[in-house]
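Asker: Let's see this in three dimensions:
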Amino acid sequence: MGIDLKAGGKVKKTKRTAPKSDDIYLKLLVKLYRFLVRRTGSKFNAVILKRLFMSKINKPPMSLSRLVNFMEGKEDKIAVLVGTVTDDARVYEVPTLKVTALRFTERARARIEKAGGECLTFDQLALRAPLGQNTVLLRGPKNAREAVKHFGPAPGVPHSHTKPYVRSKEGVAEPSFAFSWFDGNDTFVAGDIATIKVKVLGTFESGKYKYPFNPNITVNDKMGNSSYISGVSSYFDDDVNNWRISFIPIMVGSFNVLITDDNFNVLDSSLHFRVTPGKMYPAAGIVSWMDGVSEFVAGSKAKVLILPKDAFGNNVSSGTEGSDSYNFSLLATSLNGSVVGVVMIPEKGGNQLDYVGIEFVVATSGDLLLHVQVDNQTLNGSPLPLKVNPGILEVSNCLLGWHIETKSFQLSSKMEAFIHQHDQYGNHAPGMYAFDVEVMEKGTNLSMPVSDLVFKEAGLGIQLFSFSLIEPGNFMLMIFDKEQNTLISNVPYDFTVYIGYCDGKNSVVNGSGLNHSFAGEAETFGVFLRDAYLYPSPVESKRLQVKILHESSLKQLQPSVRPKESGNGTSSAGVLMEPTHTIVDAKNKSIENSGFMASAFEVTFVPEMSGIYDISVFCGNVPLNGGNSFRKPVSAGKVNLSLSGIVNFALKASKLEKSYITVQLMDSYSNPVLLQQSKLKLEIASVNKSDYSTTGFIDNNDGLYTGSFLAKAIGTFEICALFDGQPFAPCPIGVNVYTREYFPEVFNDTITVWEDESTAFDALQNDYFAGGNASIIEYSKPNHGSLLQYGCLFRYTPYKGFYGNDSFLYTIADVNGNIASGSVYIAILSIPPQFASFPNQLQGTEDQLFPRFGGFSGFEIVYSDLNENITVTLNAQYGSVFLSPMLMQFWQPLWGELSVNKDIEKAKGLTLVGCLEVINSALQAIQYLGNENFCGEDTIQVSTMNRNANNILKVPVMVEPINDPPFINVPAFIFLEDSGDEVLIFDRQRDKFDFSIGDPDLLNFPGNRSHFLVIFSLEVSSGYLSTSLPAELISTTELKLKTSYQWQPLLTFVTISRHFTVRAKGIRFRGTINDCNSIMEQLMYHGGKHGDVLTVRVNDMGNYGCYPNCEQMMSMPLFAEARINLLRRQPMSSLAAHTLGSAAVVEFIVVLSLGVLLLFYISKCVIMLIHEKRRNEIQGIELSKVQMSDQQAISKDLSGKMTLFTDCCSSFSLFSGQPLSVGSQSPNGTRESSQEMHHSPQQSSDQQHQQTSLADEVPAASRKESE
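Answerer: As a prediction, this is how the structure comes out:
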């Protein structure tokens, strides 16, 4: 057995050094780029040369769409691809590109050159960019081949995405398919049906394939129903000639269609279509103000703009459907719903933005709402808020108003009236306008002086004026503007001032006519006039005014007022003024005897309407009853059968189900009669009455009464409605009874739709109707979306930007004419937040947080609900995402509404929760940090989520590498076995240390690791080193001999099995990291002495980083150095070992003895301390007893007289540590204490104890002197 030297032994390198293809052009390119690599040393040329060697699989093609995406924003550079560039029909416009490739398809070359670009060969590239400057090196997707899809775990196992191999049953060949538009029509109107015709190329044998033919349709990268198309359906029956795919386009524009079916290898992108807007859907039109102005002056012109839209939200241009066909109407209402005036101007037309403008004149001032309608349908955005300010005051339009409208005024009373200041359109003009008021006597036309005329503001645009009436007679009131010489509208006003003394509070109004009554009955009440002294105050009949007003209809009655006669036939308190004639109205509405003055009157009237009446009585301008009106309730009269009757009944009834009859009761004046249900009755006129039953009537409190009957058998019967035994017409009523199945039954529907899509549904699908046939005869319009009817199908499309709930009603009729109604409830779901903008690619640097300040710009999301909390999750595959510190805000901060969660387990994910504005602000502060020593391509996945769904975006991150310094893992010193002249330095069995050389850049090195080279050197201070090196390192090995201090190249060597051995003071070579570690494990040390130093150096040559800002892929060389102290171990003699062991035993015995002795003395001391403590406690008890007896004796002596010396107190204070309150004796013999009143009880007790102690301590001389 031996080594195959020809094959290279165990180290067999199978990488290509030349292409296998015999293409002469490819061989010439290899020769060219070999020369460039050798002469320039450019890494770009080396990569091109390496890729020229590769097989066809490793030189995948690239489509034109992918090429355009990669070159976006880099159009000034040259795209370089060692492969083929293919066409992609999905790309409509090709930018101007410069592309270098081995091959171009014919159509791809034509489209690039048509767009003004260039298709270069590699020999042309070598002349333009010999070093690869200003180029972008690209590579096609290697794993996009069909064969790669079948690699991986077996299909069907969990988490397997491997595509299975599908074989046709019984060897049936799979057909091919072609697709085309039906009738060649590729232009559609929104809402029309678009049909794709499917043509089978070959033979399709139904049922002989593992999967049925069911292709998917994708429009603009959205599969199936989307915001572009809806109602996708396919028809694949037995007749292959009638196969088709249909859908309804709903968005205007140009689109491309992609049809796919993985089971039959279908991938067709040849179809394109165009969509134009449909007819205008009135309610979908958007209304807005011209230039956003919504505040006007009464009488000025206003203009609204209407953007017509079809049922799917597409703009309808004036060219598609002329604005003259729109029958717009405007209606202005106040905030309470009352209609106000709007003057239309017949000026309507479109503008360049396809808006329809309508001008009108606003006439009524106030805060209004403008409703815009088309064919009784309100447009979207209507009503518009409108504010109209009053115009300039117009004197001729001003009105004179009265609180009590009368032409008779009592002498010495005040005339009070209102002046309503109006503009041209009758709006109240604010302010206090200076009017002139003049009172003139009729007949003489003399102006009467008005001394106490007072004006004051009573409201907005209303003035109240008043003056006293001091002269009787007939007068005219004139209100005008002297400068304009213009009167207000309803002057001159004639009035009479009469002499009277009526007092409104003392006068009496009473009678039965003020109480409750029935319609049609004559009512009477009396009026008794009194003065301030309760005397009768007679006046003429015409001075007395009675106003009777119906509360709801505001209809005013005309009562009859006549003087009340006394028992002898004369008028009460009457005085004959002049010959008179009594006039009696034929309708009994007014009887007036103007010649008499009376103080008692009789008022007669006949109320015909039921309800509440307000009755007010005035004597001239003096209101009676304190100015309060009387409220008189009037009920309906007796039921009039000729005006009453059956208003609703059913000719068809369902068996065992209640049917209802509605009866209306009216009196002779058409008033609804209430509370008569007990007199109503249903009577069955059929022979067999046991099959039918009736129930009583229910009062609906509006004159309508509802009764019901129940039929227990099928057939026909007759029924009558009776009131107090009298039948209503028609009587009898024939009713046909059917089974329940005869009548339709409608069930409410509930559907869901995304806010940007459209949905079609069959409202009758869950309804029941006889005969299996029914039609929709009526339906209402939903409030927040468009609704189109296609037979029994409805298509609903929500208005743009709306989400929430909507509904509408519909009514159906079956073949028998029976009708039923139901509701459809629609839930419009808000789509998850969408990305309005995002960066195409992010840039970063290895092991650095970037951006260093702030965050990435370009992230922005849009969402319908500005206040709803949404969730955004960010994570990276090979790094972490962070949130940089927020900018300081001096207003209300938004960050209080932001929730930030960090994925603690993975420490990579970042979750943001908040409203739209907060999230968009936070997305501007996103930072990225790659894993340690990571460089290359990474992806940040941004996921937006609401309560309905989520949306995912992947943003590529390019992390530029930097040159990391190499590292050397060696100990500071190594003990060597002194076993001979030659010793292994790094011995893993002897030293449990991981000796290694490495470089962090090697982990993510993009190429072959054998190309990652470093300069490795080993040098010892004395002695020499020896090791075995592979033959590949001969050209790069240098030695430092023992007699030299310079590195010298290797001149002589002997190789055995492709290895050679070197011996020198220092060894240096350029090799891989594996070579360095392998050589360290074989490194031998010869000679030398104890304490020699081994120096290890590694230089990475600076070729694997990015410095300083990625402008060139080369950095300054970085190196690492380590110094190792080599210590030799000398073996110990047996005598020395025995002596050392004996010393250790003796030392142990001595330490143990000292410990026992120390423990003995400690125990003895503890015992002595315990005894001493007990003896002190016994002495203390005896001493306390003696002190107590002495204290009692001393206290008796001190009670009479005792003098305490200051020096003794001071010494006691020092002894006790507390001051004492010492009393002093005054000259007159009384004791004074300055602090005694301030001592607390506790302090007093303490003081007493201190004094007792002091008595014990007083010297004998002091005691003797006291005695």
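
Asker: Let me see the contact set for residue 340.
Answerer: Shown in contact with residue 340 (Cβ atoms under 8 Å, 6 or more residues apart in numbering): 332, 333, 334, 363, 364, 366, 368. Backbone N, C-alpha and C define where each C-beta goes, glycine included.

Asker: what's the model's confidence in stretch 676-692, averaged?
Answerer: Mean pLDDT, stretch 676-692: 78.

Asker: distance between the ends of that stretch?
Answerer: 24 Å (Cα to Cα, to the nearest Å).

Asker: OK, contacts around the residue minimising distance to the centre of the chain?
Answerer: Residue closest to the mean C-alpha point of the chain, counted by Cα atoms, centre = their mean, is residue 868 at 3.2 Å. Residue 868 makes contact with 830, 915, 916, 946, 947, according to Cβ under 8 Å, 6+ apart.

Asker: Restrict those to the buried ones and give me that as a PyMOL selection.
Answerer: Filtering those down to the buried ones (16 or more other Cβ atoms under 10 Å) takes a single PyMOL command:
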select buried, resi 830+915+916+946
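
Asker: before we move on, the earlier item: among the contacts of residue 340, name the buried ones.
Answerer: Among the contacts of residue 340, those scoring as buried are 332, 333, 363, 364, 366, 368 (criterion: 16+ other Cβ under 10 Å).

Asker: Next, give me the two most distant ones among those.
Answerer: 333 and 363 (13.4 Å; Cβ to Cβ).

Asker: Now the phi/psi pair for residue 395, please.
Answerer: The phi/psi pair for residue 395 (degrees, to the nearest 10) reads phi -60, psi -40.

Asker: Tell me the pLDDT of it.
Answerer: Residue 395 is assigned a predicted lDDT (pLDDT) of 90.

Asker: That one contacts residue 484, correct?
Answerer: Yes. Look at residue 395 against residue 484 with Cβ atoms under 8 Å: they come within range, at 5.8 Å.

Asker: Looking at these two, which has the bigger crowd around it?
Answerer: Neighbours per residue, other Cβ atoms under 10 Å: of residue 395 and residue 484, the larger number sits with residue 395, 19 against 9.

Asker: Residue 149 falls within a helix, correct?
Answerer: Yes. Per DSSP: H, G, I helix; E, B strand; the rest coil, residue 149 lies within a helix segment.

Asker: Just give me the neighbour total for it.
Answerer: The number of residues packed near residue 149 is 14, by other Cβ under 10 Å.

Asker: Pull the contacting residues for it.
Answerer: By Cβ under 8 Å, 6+ apart, residue 149 lies in contact with 162, 163.

Asker: I'd like the distance between it and residue 143.
Answerer: 8 Å (Cβ to Cβ, to the nearest Å).

Asker: Check residue 538 too.
Answerer: Residue 538 sits 117 Å away from residue 143, taking Cβ to Cβ as the criterion.

Asker: still on that earlier bit, and of the buried ones among the contacts of residue 340, the nearest to residue 669?
Answerer: For those, the nearest to residue 669 is residue 333 (33.7 Å; Cβ to Cβ).

Asker: what's the following helix or strand after the helix or strand the closest one falls within?
Answerer: Per DSSP states H and E: residue 333 is located in strand 328-334. Moving toward the C-terminus from strand 328-334, the next helix or strand (DSSP H and E) is strand 339-340.

Asker: average pLDDT across that following strand?
Answerer: In this model, strand 339-340 has a mean pLDDT of 78.

Asker: Mind listing the strands that strand pairs with, and their directions?
Answerer: Strand 339-340 sits in its sheet next to strand 328-334 (antiparallel), going by DSSP bridges.

Asker: Could you single out the nearest of the contacts of residue 340 to residue 763?
Answerer: For the contacts of residue 340, the nearest to residue 763 is residue 333 (33.4 Å; Cβ to Cβ).

Asker: can you pull the contacts of the closest one?
Answerer: Residues in contact with residue 333, defined by Cβ under 8 Å, 6+ apart, are 339, 340, 368, 369, 371, 383.

Asker: so which of those comes closest to residue 1023?
Answerer: residue 383 (101.7 Å).

Asker: Can you give me the pLDDT of the closest one?
Answerer: Each residue has a pLDDT score; the one for residue 383 is 86.

Asker: Please name the nearest non-neighbouring residue to it.
Answerer: The spatial neighbour of residue 383 that comes closest, neighbours along the chain excluded (Cβ to Cβ, 6 or more residues apart in numbering), is residue 369 at 3.8 Å.

Asker: Save the contacts of residue 340 as TSV, and put in distance to residue 1168 too.
Answerer: TSV is the format used below for the contacts of residue 340 (distance: Cβ to Cβ, whole Å):
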residue	distance to residue 1168
332	113
333	111
334	109
363	119
364	115
366	109
368	109
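
Asker: nearest to residue 1146, of those?
Answerer: Checking the contacts of residue 340 against residue 1146 by Cβ to Cβ gives residue 368 as the nearest, at 115.5 Å.

Asker: Give me the phi and psi for the closest one.
Answerer: Note on residue 368: backbone dihedrals following degrees, to the nearest 10 are phi -120, psi 170.

Asker: which stretch of helix or strand covers the residue lying closest to residue 790 once chain neighbours are set aside?
Answerer: Closest residue in space to residue 790, ignoring its immediate chain neighbours: residue 760 at 7.5 Å, by Cβ to Cβ, 6+ apart. In the assignment (DSSP H and E), residue 760 maps to strand 759-762.

Asker: quick one: strands adjacent to that strand?
Answerer: Looking at strand 759-762 with DSSP bridges, its partner strands are strand 793-798 (antiparallel).

Asker: tell me the mean pLDDT for the partner strand?
Answerer: Taken as a whole, strand 793-798 carries a mean pLDDT of 92.

Asker: what's the distance between the nearest residue to residue 340 once chain neighbours are set aside and residue 392?
Answerer: Spatial nearest neighbour of residue 340, chain neighbours left out: residue 364 (3.7 Å); criterion: Cβ to Cβ, 6+ apart. Going from residue 364 to residue 392 by Cβ to Cβ gives 16 Å.

Asker: And the residue lying closest to residue 42 once chain neighbours are set aside, its phi and psi?
Answerer: Using Cβ to Cβ, 6+ apart and skipping the chain neighbours, the partner closest in space to residue 42 is residue 131 (4.8 Å). Torsion angles at residue 131 (phi, psi; degrees, to the nearest 10) stand at phi -110, psi 10.

Asker: quick revisit: buried residues in the strand holding residue 760, which are they?
Answerer: Burial within strand 759-762, assessed by neighbour count using 16+ other Cβ under 10 Å, is assigned to 759, 760, 761.

Asker: Contacts for that strand next, please.
Answerer: Applying Cβ under 8 Å, 6+ apart, the contact partners of strand 759-762 are 230-231, 248, 749, 751-753, 790, 792-797, 824.

Asker: Which of the residues you listed ranks first by neighbour count?
Answerer: Within these, most neighbours by other Cβ under 10 Å means residue 797, with 26 neighbours.

Asker: Residues in a beta bridge with that one, which ones?
Answerer: Per DSSP bridges, the residues bridged to residue 797 are residue 786.

Asker: Now do the same contact list for it.
Answerer: Applying Cβ under 8 Å, 6+ apart to residue 797 gives the contacts 250, 311, 312, 313, 757, 758, 759, 785, 786.

Asker: if we go to 7 Å?
Answerer: Shown in contact with residue 797 (Cβ atoms under 7 Å, 6 or more residues apart in numbering): 250, 311, 312, 313, 758, 785, 786.

Asker: what's the closest of the contacts of residue 868 to residue 1163?
Answerer: Closest approach to residue 1163 among the contacts of residue 868 (Cβ to Cβ): residue 915, at 77.6 Å.

Asker: Could I get the pLDDT score of that closest one?
Answerer: On pLDDT, residue 915 comes in at 89.

Asker: Find the nearest non-adjacent residue to it, please.
Answerer: Leaving aside its sequence neighbours, residue 915 sits nearest to residue 867 (Cβ to Cβ, 6+ apart; 5.6 Å).

Asker: Repeat that for residue 753.
Answerer: Counting by Cβ to Cβ, 6+ apart, residue 753 lies nearest to residue 759, which is 4.2 Å off, once chain neighbours are set aside.
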